[in-house]
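Participant: My questions are about this predicted structure, shown below with the sequence.
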Amino acid sequence: MSLVRVIIPLSGKIGDKETSAIQTLARDLGAMGITVTLPDPPAGGELVFEYDRDAYKRGAGRKRKQAPADSAIAGMSESETDDWLVRTAAETIAEALGVSRSTAYRRKAEAKQRVEYAMVEVKEE
């Protein structure tokens, strides 16, 4: 879970009308999964918004197919899996994981985005 917190300092001049509007906003955002914390008293305090960034990922479509227990990546860590996906041909990935070639290419591209490469300067002697 990647919790995001946004803190907004409030003015020292917050009236009942503004407080009511903030409470309405807090209720509406709460329905969308965003928690709003209003200080008491609101004047001069901080308005805090919190939400889970992972909760807003697209949920459509079929769930990701798990790797077979006897596959090449069954016992690998996430970073080892990403390394394997990057250096292995898509056809081999598709066969090993039991997915289509297009899914294998997509997984390969996702792994490339996650892998960090060390940049080393090569000197001629």
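Facilitator: Good, I have the coordinates.

Participant: can you pull out the strands in the protein?
Facilitator: Using DSSP state E, the strands of the chain run over residues 3-9, 35-37, 46-52.

Participant: Distance to R64 added to those, as TSV?
Facilitator: C-beta here means a position set from N, CA and C on the backbone, and glycine is covered the same way. Below are the strands of the chain laid out as TSV (distance: least, CB to CB, whole Å):
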stretch	distance to R64
strand 3-9	23
strand 35-37	28
strand 46-52	19
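
Participant: export those to a markdown table and tack on mean pLDDT and mean neighbour count?
Facilitator: Below are those laid out as a markdown table (pLDDT from 0 to 100; neighbours: other CB atoms under 10 Å):
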| stretch | mean pLDDT | mean neighbour count |
| --- | --- | --- |
| strand 3-9 | 87 | 10 |
| strand 35-37 | 90 | 15 |
| strand 46-52 | 88 | 15 |
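
Participant: And Q66, how close does it get to D54?
Facilitator: 19 Å (CB to CB, to the nearest Å).

Participant: got it, and I14?
Facilitator: Distance from I14 to D54, by CB to CB: 33 Å.

Participant: For the two, indicate the residue with more neighbours.
Facilitator: I14 (19 against 10; other CB atoms under 10 Å).

Participant: I figured the more buried one hits D40, correct?
Facilitator: No - at 11.2 Å, I14 does not count as touching D40 under the criterion of CB atoms under 8 Å.

Participant: domain ranges for this structure?
Facilitator: Listed domain ranges for the chain are 3-55, 78-114 (source: automatic domain parsing).

Participant: ok, of the ones you listed, where does mean pLDDT dip lowest?
Facilitator: Among the domains of the chain, domain 3-55 carries the lowest mean pLDDT, a mean of 86.

Participant: count of neighbours near the residue lying closest to R53 once chain neighbours are set aside?
Facilitator: Leaving out its chain neighbours, the residue that sits closest to R53 by CB to CB, 6 or more residues apart in numbering is S2, at 4.5 Å. S2: 8 surrounding residues under other CB under 10 Å.
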